[in-house]
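In: Next input, structure requested:
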Amino acid sequence: MATHDLAVALAARGHDVRAIYPGAAVAAPYPVSWVPASDRPLLTAFRVARAAKRLAAAIDADVVHSSGYEGAWLPPARRRFATSNHPDLPRWAPPGWSRPWAHLPYMRRQQQAWLERRALGRADGAVFVSAFARDQAQERGYPTRTCRVIPNGVDPTLFSPLAEEPPMPPVYFFAGRLDQQKGVDVLLEAFRKLPRGPRLRIAGTGPQEEEYRRLASSLGLDGAVRFLGAVPRPKLPALMCEAHVFVLPSRYENLPLSILEAMACARPVVAARVGGVAEMIDDGVEGILVPPDDAYVLALALRRLLEDAPLRKRMGEAGRARVLGRFTWDAVAAQTEAFYGELLHR
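Out: Here you go, the predicted structure:
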């Protein structure tokens, strides 16, 4: 989704944007070539590379820009760029080729990481969406030639606040994949510690959805917690605006889009201080940062916002202002455009 939004913003700035995406075809406001997706990263990267080679030759592209492991074999262009959105790059430490019985299984297990490392290493310019991700990549063995931190963005016209705070009872809102990374189990434990009355809405699906449903039931939260399942993107702004607080207690992150979307809707955020989250939120200004895996401290933060409506309003307004000042897609496209120009003219 971030790649699509950036493409739209670059096209709006007058660039001729063409895209190649793996998956089923959907409408886009710029020309797209679709290739079949595969659960094997090598095959997906090969299909994308083959389509990119044909397209780059047909239009004599100045810039070829990939996102993630799909860009492992970018075709030649005046300049190649690669973006990493990975929330937690694994450390790159394969056994030596003197031990092929260990090296080859390692490469199979770390296939996606190997492809992303190749994409970043071959690019003339590497883009990281947070300083945290840049530093982690360099420390964990992902070499780059020239790199730049350019965050993801949000559309502040799509994600925009209501004139008034929604009516009571208070609603906490979570949106994300239901897996170990996002800390929904910690959120449920923290929510149980709150006084009766607030509601918790959980949007998303994932491999641990049934486990979390059972956990909510075992904690006696059946009437207060609603699992919304998969929510179409156009419906997310309304759900954000119907909530009083957005919560993301992740165990690890890069620069989560859901926090930007909540801030754009002028909702205060309670989030774990992991990854690049502290680059988005100043603790006590746009939201409250808590340690990961600490249900007690998370509950204290949720309760503080529950009891202080003026604080919710101040934090929400500060979050909206920060998004408008730094995290709009037009601002992100302008920084990307400048990076392109810098390397094209070098």
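
In: who are the neighbours in contact with the residue nearest in space to the middle of the chain?
Out: The chain has Pro256 as the residue nearest its centroid, 3.7 Å off, counting by C-alpha atoms, centre = their mean. When contacts are counted by C-beta atoms under 8 Å, 6 or more residues apart in numbering, Pro256 touches 176, 248, 250, 271, 277. All C-beta atoms are positioned from the backbone trio N, CA, C, and that covers glycine.

In: Just the CA trace of the helix or strand of the chain with the lowest mean pLDDT, in PDB.
Out: Every helix and strand of the chain was ranked by mean pLDDT, DSSP states H and E. The lowest is helix 100-109, at a mean of 87. The C-alpha trace of helix 100-109 is given here as PDB (Å, rounded to 0.1, in the frame of the first residue of the first chain):
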ATOM      1  CA  PRO A 100      28.000 -26.300   2.200                       C
ATOM      2  CA  TRP A 101      25.900 -28.700   4.200                       C
ATOM      3  CA  ALA A 102      25.200 -25.800   6.600                       C
ATOM      4  CA  HIS A 103      25.400 -22.900   4.100                       C
ATOM      5  CA  LEU A 104      22.700 -24.100   1.600                       C
ATOM      6  CA  PRO A 105      20.000 -24.800   4.300                       C
ATOM      7  CA  TYR A 106      20.700 -21.400   5.800                       C
ATOM      8  CA  MET A 107      20.200 -19.800   2.400                       C
ATOM      9  CA  ARG A 108      16.900 -21.600   1.900                       C
ATOM     10  CA  ARG A 109      15.600 -20.500   5.400                       C
END
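
In: Run the chain-centre distance for whichever helix or strand comes after it.
Out: Where DSSP states H and E defines the elements, the next helix or strand beyond helix 100-109 is helix 111-122. Averaging C-alpha positions (C-alpha atoms, centre = their mean, to the nearest Å) puts helix 111-122 19 Å from its chain's average.

In: likewise stretch 30-43?
Out: 20 Å.

In: quick one: buried residues of that stretch?
Out: For stretch 30-43, the neighbour count (16 or more other C-beta atoms under 10 Å) marks 32, 35, 41 as buried.

In: do stretch 169-184 as well
Out: Residues of stretch 169-184 classed as buried by neighbour count (16+ other C-beta under 10 Å): 170-176, 178-179, 181-184.

In: From Arg79, how far off is the nearest residue to Ala131 once chain neighbours are set aside?
Out: Nearest in space to Ala131, with sequence neighbours left out and distances taken as C-beta to C-beta, 6 or more residues apart in numbering, is Val149 at 5.2 Å. Going from Val149 to Arg79 by C-beta to C-beta, to the nearest Å gives 18 Å.

In: how about the strands of the stretch 201-346 of the chain, start to end?
Out: 225-229, 245-248, 269-272, 287-290 (DSSP state E, counting those that start in this stretch).

In: I'd like those strands as CSV, with mean pLDDT, mean neighbour count and distance to Met263 appended.
Out: Output for these, formatted as CSV (pLDDT from 0 to 100; neighbours: other C-beta atoms under 10 Å; distance: least, C-beta to C-beta, whole Å):
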stretch, mean pLDDT, mean neighbour count, distance to Met263
strand 225-229, 98, 16, 21
strand 245-248, 98, 27, 8
strand 269-272, 98, 26, 6
strand 287-290, 98, 25, 8
